[in-house]
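**Student:** Build the 3D model from these lines:
(2 chains)
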Amino acid sequence: MDAEWAADLQAVLLTLKLAGVVTLLLLVLGTPLAWWLAHTRSRWKAPLSALVALPLVLPPTVLGFYLLMLMGPRGLVGQATQALGIGLLPFTFAGLVVASMLYSMPFVVQPIQTAFEAIGARPLEAAATLRAGPWERFVHVALPLARRGVLTAAVLGFAHTVGEFGVVLMIGGNIPGATRVISTQLYSHVEALEYPAAHRLAAMLLAFSFAVLLWVYRLRTRGSLLATGPATP
Amino acid sequence: MKLTLPRGLLALSIAALALSARADELQVAVAANFAPAAQKIAAQFEHDTGHVVKVSVGATGKFYAQIEAGAPFDVLLAADQATPARLVGEGKAVPATLHTYAIGKLVLWSADPALVDARGEVLKSDKWKHLSVADAKLAPYGQAARETLAALKLTDAVQARVVTGENIAQTLQFAQTGNAELAFVALGQVQPPDGSRVPGSMWLVPDNLYAPIRQDAVVIAATRSAKAATEFVDYLASDKARMVIKAYGYSW
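**Tutor:** Numbers count the residues shown, from 1 in each chain, chains lettered A, B, ... in the order given. The predicted structure follows:
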């Protein structure tokens, strides 16, 4: 195994770790948010929905640049993290996790929200008449009914983080084992005209992405998942 | 009398043809570090010759791939010598037009006005957490920075604190935003030609610590404006252009 391939492998493993951590955190934080968005009549619903969807529109390098400024020593977030003793986030794995969570947020929140909305009020009302409390209704009724939405969210969030590039490029600093992920490594290969190495990584990324999407669409045809959400019994 | 109008039109269209033949439009691909200087030289060239110059800024390696793929560039102002030489070798650029238009200077720079001393001793200290360096594989200034660190026998000592910028502009960005306390960048980036200085501190790295950063220009073989393109490349060596080149911190 040559040194270049070892570096590529390290980038692949780091990417999988990043995507795993980000997906887990987004599921934990995104599910309550999706629940709230699905049921609220608050006037904050529209602004918050727009905020969640923003990474779909913003060029990732722009998002990355603002994060670099915000998380830097003169930025608000940077001053807060320094005051808390965490230090600065750019050029760290933790920084990539935070940035990736923002960037992949819509891909996790939106499918779950759609799934919750598709359940409708009736199953929850039925559960309420059986004296299920709000927490029980959420855990025992809503979540199982929305499980396909949650699964889609997990898969899309994971896949989207794997393919993330612009944000990492802006705040990562390309440090092996900490912030050098597949996409930035692939980009370096292309820029350095190392096309064979680039092809190898690109083929892996392509195969992975296709497999993930294939899986999602298979699920979808079986259970109509993005469109209607709840699993058919 | 009947013929006057058509004749007038004919004369007009001949004049228009002559004008359009003279005023070519050039697409010039320029390495990121040289972009501000190139804009200025292009404006002077337009003024002096009547040709129109469209400047595209990017990474030299990217331009190489695009020119390979038939991108409609007439001239390449590279950040290195290898890329234009490679294009010449492949018959994609005109050998006779190949020459060094600028030699870059490397500086160690910090946004902190008090951090960098006049001899770069700060590199050996613990007063900083991150040193921003351009990717040595992609950017000649990154390569020069690596050579400098090696010459100072500091490569191993600083390695764990190095962050890599994809190009020289991003390398400076890391330092400007304060995320990296130090950065190896091009003098031209931190010394504006109006004589003012970007606030901060810097050390002009001595020439003997790194191989000269020679930047070559070449006319692309597929150009449809060979004459104007050659004129532009020649113009880079004119006194007028060289004043601009010098003002931006390059020699030749």
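
**Student:** CA atoms only: put the top strand by length along chain B into CSV for me.
**Tutor:** The longest strand of chain B (DSSP state E) is strand B:93-104. Coordinates of each C-alpha in strand B:93-104 appear next as CSV, following Å, rounded to 0.1, in the frame of the first residue of the first chain:
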residue,chain,number,x,y,z
ALA,B,93,1.1,26.8,-26.5
VAL,B,94,3.4,28.9,-28.8
PRO,B,95,7.0,28.3,-27.8
ALA,B,96,8.3,31.6,-29.1
THR,B,97,6.0,33.5,-26.8
LEU,B,98,7.1,31.8,-23.6
HIS,B,99,8.9,34.0,-21.1
THR,B,100,9.0,34.9,-17.4
TYR,B,101,6.9,38.0,-16.7
ALA,B,102,7.3,38.2,-13.0
ILE,B,103,9.3,36.7,-10.1
GLY,B,104,7.4,36.5,-6.9
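
**Student:** before we move on, which element is the residue in the stretch 1-150 of chain B that chain A sits nearest to in?
**Tutor:** With CB to the nearest CB as the measure, residue B:137 is the residue of the stretch 1-150 of chain B nearest to chain A, at 4.2 Å. Backbone N, C-alpha and C define where each C-beta goes, glycine included. Under the criterion DSSP states H and E, no helix or strand holds residue B:137.

**Student:** what's it sitting at in phi/psi?
**Tutor:** Backbone torsions for residue B:137, taken as degrees, to the nearest 10, come to phi -70, psi -30.

**Student:** Report the separation between it and residue B:209.
**Tutor:** Using CB to CB, to the nearest Å, residue B:137 is found at 20 Å from residue B:209.

**Student:** And for residue B:66?
**Tutor:** Taken as CB to CB, the span from residue B:66 to residue B:209 is 33 Å.

**Student:** same question, residue A:72
**Tutor:** Counting by CB to CB, the gap from residue A:72 to residue B:209 is 29 Å.

**Student:** the helices in the stretch 51-200 of chain B, which residues?
**Tutor:** Under the criterion DSSP state H, counting those that start in this stretch, the stretch 51-200 of chain B contains helices at B:60-68, B:82-89, B:140-151, B:155-158, B:168-176, B:187-190.

**Student:** what residue ranges in the stretch 1-150 of chain B score low on pLDDT?
**Tutor:** B:1-22 (pLDDT under 70).

**Student:** tell me which parts of it are close to chain A?
**Tutor:** Within the stretch 1-150 of chain B, the positions lying close to chain A (CB under 8 Å from any CB of the partner chain) are B:59, B:61-62, B:64-65, B:130, B:132, B:135, B:137-138.

**Student:** Which pLDDT value does the model give whichever residue of chain A sits closest to chain B?
**Tutor:** The minimum distance from chain A to chain B, using CB to the nearest CB, falls at residue A:173 (3.0 Å). pLDDT for residue A:173: 87.

**Student:** okay, now the residue nearest to it when sequence neighbours are not counted: neighbour count?
**Tutor:** Nearest non-adjacent residue to residue A:173, counting by CB to CB, 6 or more residues apart in numbering or on different chains: residue B:163, 3.0 Å away. By the measure other CB atoms under 10 Å in any protein chain shown, the count of residues near residue B:163 is 24.

**Student:** List the contacts of residue B:163.
**Tutor:** For residue B:163, the contact set (CB atoms under 8 Å, 6 or more residues apart in numbering or on different chains) comprises A:91, A:173-175, B:130-133, B:174, B:179-180.

**Student:** okay, now the domains of chain B?
**Tutor:** B:22-103+B:213-247, B:106-204 (automatic domain parsing).

**Student:** mind putting the ones you listed in a markdown table, distance to residue A:22 included?
**Tutor:** Below are the domains of chain B laid out as a markdown table (distance: least, CB to CB, whole Å):
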| stretch | distance to residue A:22 |
| --- | --- |
| domain B:22-103+B:213-247 | 29 |
| domain B:106-204 | 21 |
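
**Student:** And those domains: which comes nearest residue A:149?
**Tutor:** Closest of the domains of chain B to residue A:149 is domain B:106-204, at 37.0 Å (criterion: CB to CB).

**Student:** Any residues of chain A in contact with chain B? List them.
**Tutor:** A:65, A:68-69, A:71-75, A:88, A:90-91, A:169-170, A:173-175, A:184, A:187-188, A:190-193.

**Student:** what about stretch A:35-53, distance to the chain center?
**Tutor:** 18 Å (CA atoms, centre = their mean, to the nearest Å).

**Student:** Check the average confidence over it, would you?
**Tutor:** Per-residue scores along stretch A:35-53 average to 93.

**Student:** quick one: residue A:219 and residue A:150 touch, right?
**Tutor:** No: Residue A:219 is not in contact with residue A:150 according to CB atoms under 8 Å; the separation is 11.6 Å.

**Student:** Show me which of those two is the more surrounded one.
**Tutor:** residue A:150 (22 against 17).

**Student:** which other helices and strands contact the strand or helix carrying that one?
**Tutor:** In the assignment (DSSP H and E), residue A:150 maps to helix A:147-162. For helix A:147-162, the elements it packs on are helix A:3-39, helix A:93-119, helix A:195-223, helix A:225-228, judged by 3 or more CB pairs under 8 Å, 6 or more residues apart in numbering or on different chains; DSSP states H and E.

**Student:** Among those, pick out the one with the most neighbours on average.
**Tutor:** helix A:93-119 (a mean of 23; mean count of other CB atoms under 10 Å in any protein chain shown).

**Student:** Can you name the element that comes right after it?
**Tutor:** Downstream of helix A:93-119, the next assigned helix or strand under DSSP H and E is helix A:122-129.

**Student:** Show me how far that following helix is from its chain's centre.
**Tutor:** With CA atoms, centre = their mean, you get 31 Å for helix A:122-129.

**Student:** Give me the subset of the residues of chain A next to chain B that lies in helices.
**Tutor:** Using DSSP state H, A:65, A:68-69, A:71, A:169-170, A:184, A:187-188, A:190-191 are the members of the residues of chain A next to chain B that sit in helices.

**Student:** what's the neighbour count on residue 134?
**Tutor:** Going with chain A. Neighbours of residue A:134 (other CB under 10 Å): 11.

**Student:** Switch to chain B, please.
**Tutor:** Counted with other CB under 10 Å, residue B:134 comes out at 30.

**Student:** Please name the bridge partners of it.
**Tutor:** Counting by DSSP bridges, residue B:134 forms beta bridges with residue B:165.

**Student:** circling back: list the buried residues for the longest strand of chain B?
**Tutor:** Within strand B:93-104, the residues scored as buried using 16 or more other CB atoms under 10 Å in any protein chain shown are B:93-94, B:97-98, B:100-102, B:104.

**Student:** was I right about residue A:73 contacting residue A:88?
**Tutor:** Yes: between residue A:73 and residue A:88 there is a contact under CB under 8 Å: 6.3 Å.

**Student:** just checking, residue A:63 is part of a helix?
**Tutor:** Yes: judged by DSSP: H, G, I helix; E, B strand; the rest coil, residue A:63 forms part of a helix.
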